[in-house]
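Chemist: This is a predicted model, with the sequence first.
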Number of protein chains: 2
Amino acid sequence: MLIVQKYGGTSVGSIERMKNVAARCLASQRQGHQVAVVVSAMSGETNRLLKLVDEIHDDHNDREVDVIVSTGEQVSVGLVALAIRKAGGKARSFLGHQCKILTDSSFARARIVDIDAGPIRDAMAAGEIAVIAGFQGVDEKGNITTLGRGGSDTTGVAIAAALKADVCEIYTDVDGVYTTDPNIVPTARKIERISYEEMLELASLGAKVLQIRSVELGMKYAVPIHVRSSFSDVEGTWVVPEDAAMEKVTVSGVTASRDESKITVEDLPDQPGIAARMFAPLADANISVDMIVQNQAYDGTTDLTFTLPKIDRKRAVDLLKEQVPELVGKDGERVVFDDEISKVSVVGVGMRSHAGIAKTMFTLLADEGINIQLISTSEIKVSCVIARKYAELAVRTLHEGFGLSLPASERTGL
Amino acid sequence: MLIVQKYGGTSVGSIERMKNVAARCLASQRQGHQVAVVVSAMSGETNRLLKLVDEIHDDHNDREVDVIVSTGEQVSVGLVALAIRKAGGKARSFLGHQCKILTDSSFARARIVDIDAGPIRDAMAAGEIAVIAGFQGVDEKGNITTLGRGGSDTTGVAIAAALKADVCEIYTDVDGVYTTDPNIVPTARKIERISYEEMLELASLGAKVLQIRSVELGMKYAVPIHVRSSFSDVEGTWVVPEDAAMEKVTVSGVTASRDESKITVEDLPDQPGIAARMFAPLADANISVDMIVQNQAYDGTTDLTFTLPKIDRKRAVDLLKEQVPELVGKDGERVVFDDEISKVSVVGVGMRSHAGIAKTMFTLLADEGINIQLISTSEIKVSCVIARKYAELAVRTLHEGFGLSLPASERTGL
């Protein structure tokens, strides 16, 4: 098999742990596999570098910031390659400009355009373990770029796709993807298999195990992803194409996100084009708006409510005041916002063939006296915005209510 | 003018100091000059990285070690470029593979083969200050290389040569090159002008202000080098082609090196080819032998004494035992070594036209009761190996004896 292994910051957080990574890579190679390994910066390193940057300049969207922060992974690949050699193996490190991982020129959040996997294939053919720097790439002009936080997952899956690897193993400090946050619900269970679509919803809803873009890439190129612990040998969670077996399970997981805010603009004229005018300044400023709900108009006016990342809330309100004062009032007097919200969601491909998930969810929350402020649904998820103080209660209630504390085989659907 | 400025580790040792560097670069640019700046790693950073390496592997001659340690300069160029921009200027960083500084593939001690200064020229033409990573290069295959300790000086002068710059300013934490170490002799004086040849001798003899290879490069390409402090505006020391004015001064400086050892092999057969056989294993292992003295043969046998870097002494003795047991004895019983030595030297182009420097030196040392163990001379220097405990006394004695405490204009030759 051809295996790509990706190790996160805690997995390479010390020289001891790097030796552990080296041992794992070599064990895979000795089983007869070809191995390429993608590594992150040692935990804490990227923050250390960004702190240096912040002493000068607090904008991280900058060519030079990518030059600086990409060194974290550069140090890691060198050390891991040395550790593999010290353990008796052969290894060679690859930086973004050596692989080569071609990206666009959007510093701090570049997207991978192409990977020339030739040098990696050559190294593996020579019996070497290819040790590839995660998170970084190079643009057409040879400028160093980075892929954004968690970008090493994306590098891992992209390399796996380019090499047509049999699996991309994502090693982390937990042993897989859980039905919900085990810190909140002790009976949370590790999910054995999950579809890309479900994983995407879980990832974007706050399960921090895998970066969203890496799941999208995995789905696009059908790369099987195995999320597992670098500290044990137990099987983790396989993220794979949807298959028939999965449909037996109605709900795969429950999540709560706590880093969003809610903005409501009241008394808007009920006319065509209002929403477009309202969201144009936010889109221009690259602020991602998530749930949008517009009330039924009453007396010719309506309310518009939406959620957005909490860190963008202040900027968004300022932009609205500046650019659409005719909608929000010159001092933003029609704008109401709330930072104390949580979005709880249930996710599962089984929803497609099972009616009533939403109804059950609303009932379970109502039974606990939890008021629902906003609702949004997709084919495989239902999300409700509630007051933040109820988030943990809601997650526990939904996890129990949908039977997720039972092994998947024993769940009875609804 | 086109000015290349090189800043060492202490000059960029903190964000505050980097802001100072940025201000200096901009001041030069505002005077109408084109400015390229070469920076080292923040002080302590290279050692921090090598400590990580040492936890795995203590050989620094390794492709991966260069990948790791080159990140120190990478972080510096990014931060300095940001600091220049924050101060209102325009700047762009260049790594070894972007400049591009082509080297051979001798990791940890690569030599520069060529520099493609085009991208730097383009940046300067666009009004940008080019901020270039010192110490690093790239080989033909795109592997990252480093130039060895102090390699940023070499980068600075090489960039100045490639750009045909008017001057290469080497900024450091002292304000120039001194007649001897001011920590040993408080009356040491700053040298205003010194020839490349003298600077070479001073550099190789222990004055740590400039790396030897940078002086060689400066001489080869006639780049005027100005060694000065990054913390003040006073003129430093100019390293320039030898000129008539210099010949008035007999001795320019006195140095003491403390990082050498002495090895003697006794009772060698007095036959042709012995020295060649003895030094072959050391040359193969890339150990630089410095002074070599062979005694007049007596009874068909002779002794051979040489000095070498202290860190190589153990390896050298082991190599001799292994590879030429017929010369040194199977257990090295004919080898005697001494780590407690110092090499004191007087340097000056004026020696060419003044006889008697050596004699004066021997007399001055003898008057203090200091025994001379080995002597070696070149056209512009005399070196004596003495017991290390006398090193400071010897330097003070020679500095006074040759009148170096007086201003150059008041010295009376011998």
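Modeler: Thanks, I have it.

Chemist: Only C-alpha atoms from now on, for both contacts and neighbour counts.
Modeler: Fine.

Chemist: Helix, strand or coil: sort out the residue in the stretch 301-414 of chain A positioned nearest to chain B for me.
Modeler: Minimum separation of the stretch 301-414 of chain A from chain B (Cα to the nearest Cα) falls at residue A:315, amounting to 22.7 Å. Under DSSP: H, G, I helix; E, B strand; the rest coil, residue A:315 falls in the helix class.

Chemist: And the pLDDT at it?
Modeler: Note for residue A:315: predicted pLDDT of 93.

Chemist: swap in residue A:286?
Modeler: For residue A:286, pLDDT reads 83.

Chemist: And it, how far from residue A:262?
Modeler: 17 Å (Cα to Cα, to the nearest Å).

Chemist: which one of the two has more residues nearby?
Modeler: residue A:262 (25 against 10; other Cα atoms under 10 Å in any protein chain shown).

Chemist: list the buried ones in the helix or strand encompassing the more buried one?
Modeler: Using DSSP states H and E, residue A:262 sits within strand A:260-269. Within strand A:260-269, the residues scored as buried using 16 or more other Cα atoms under 10 Å in any protein chain shown are A:260-268.

Chemist: got JSON lines for these, with pLDDT and distance to residue A:130 too?
Modeler: Below are those laid out as JSON lines (pLDDT from 0 to 100; distance: Cα to Cα, whole Å):
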{"residue": "A:260", "pLDDT": "91", "distance to residue A:130": "39"}
{"residue": "A:261", "pLDDT": "95", "distance to residue A:130": "43"}
{"residue": "A:262", "pLDDT": "94", "distance to residue A:130": "46"}
{"residue": "A:263", "pLDDT": "94", "distance to residue A:130": "48"}
{"residue": "A:264", "pLDDT": "92", "distance to residue A:130": "51"}
{"residue": "A:265", "pLDDT": "92", "distance to residue A:130": "53"}
{"residue": "A:266", "pLDDT": "90", "distance to residue A:130": "57"}
{"residue": "A:267", "pLDDT": "88", "distance to residue A:130": "60"}
{"residue": "A:268", "pLDDT": "88", "distance to residue A:130": "58"}
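
Chemist: Output the set of residues of chain A in proximity to chain B.
Modeler: Along chain A, the residues adjacent to chain B under the rule Cα under 8 Å from any Cα of the partner chain are A:15, A:52-53, A:55-57, A:64-65, A:67-69, A:71, A:74-76, A:78-79, A:81-83, A:86, A:92-93, A:98, A:142-143.

Chemist: Just the buried residues from these, in ChimeraX please.
Modeler: Restricted to buried positions by 16+ other Cα under 10 Å, the ChimeraX selection for the residues of chain A next to chain B reads:
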select /A:15,52,53,56,57,64,65,67,68,69,71,74,75,76,78,79,81,82,83,92,93,98,143
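
Chemist: quick one: which of the residues of chain A next to chain B sit in helices?
Modeler: A:15, A:52-53, A:64-65, A:67-69, A:71, A:74-76, A:78-79, A:81-83, A:86, A:98 (DSSP state H).

Chemist: Report the contact partners of the residue of the stretch 151-300 of chain A found nearest chain B.
Modeler: Nearest to chain B in the stretch 151-300 of chain A, going by Cα to the nearest Cα, is residue A:152, at a distance of 18.3 Å. Residue A:152 is in contact with A:6, A:8, A:38-40, A:133-136, counting by Cα atoms under 8 Å, 6 or more residues apart in numbering or on different chains.

Chemist: tell me which residues in stretch A:397-409 are buried?
Modeler: The neighbour-count check on stretch A:397-409 (16+ other Cα under 10 Å) flags A:397-405, A:408 as buried.

Chemist: Phi, psi for the nearest residue to residue A:116 once chain neighbours are set aside please.
Modeler: Excluding the flanking residues, the one nearest residue A:116 by Cα to Cα, 6 or more residues apart in numbering or on different chains is residue A:100, at 5.1 Å. Dihedral pair for residue A:100: phi -110, psi 140, per degrees, to the nearest 10.

Chemist: pretty sure residue A:100 is in contact with residue A:138, am I right?
Modeler: Yes - Residue A:100 lies in contact with residue A:138 (Cα atoms under 8 Å); the separation is 7.5 Å.

Chemist: the more surrounded of those two?
Modeler: Neighbour count, other Cα under 10 Å: between residue A:100 and residue A:138, residue A:138 has more, with 25 against 20.

Chemist: quick one: that one and chain B, what's the gap?
Modeler: Residue A:138 sits 11 Å away from chain B, going by Cα to the nearest Cα, to the nearest Å.

Chemist: ok, the residue nearest to residue A:116 to chain B distance?
Modeler: 11 Å.

Chemist: For that residue, which residues are in contact?
Modeler: Residue A:100 touches A:115-117, A:137-138, counting by Cα under 8 Å, 6+ apart.

Chemist: residue boundaries of the strands in the stretch 51-200 of chain A?
Modeler: Ranges of strands in the stretch 51-200 of chain A, per DSSP state E, counting those that start in this stretch, are A:91-94, A:101-103, A:112-115, A:129-133, A:136-138, A:144-146, A:167-172, A:193-195.

Chemist: any chance of those strands in TSV, plus distance to residue A:212?
Modeler: Formatted as TSV, the strands of the stretch 51-200 of chain A follow (distance: least, Cα to Cα, whole Å):
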stretch	distance to residue A:212
strand A:91-94	24
strand A:101-103	18
strand A:112-115	14
strand A:129-133	19
strand A:136-138	17
strand A:144-146	16
strand A:167-172	13
strand A:193-195	13
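
Chemist: mind checking pLDDT for the nearest residue to residue A:98 once chain neighbours are set aside?
Modeler: What sits nearest to residue A:98 in space, not counting adjacent residues and going by Cα to Cα, 6+ apart, is residue B:142, at 6.8 Å. pLDDT recorded at residue B:142 is 95.

Chemist: Then residue A:411?
Modeler: Here, the pLDDT recorded for residue A:411 equals 70.
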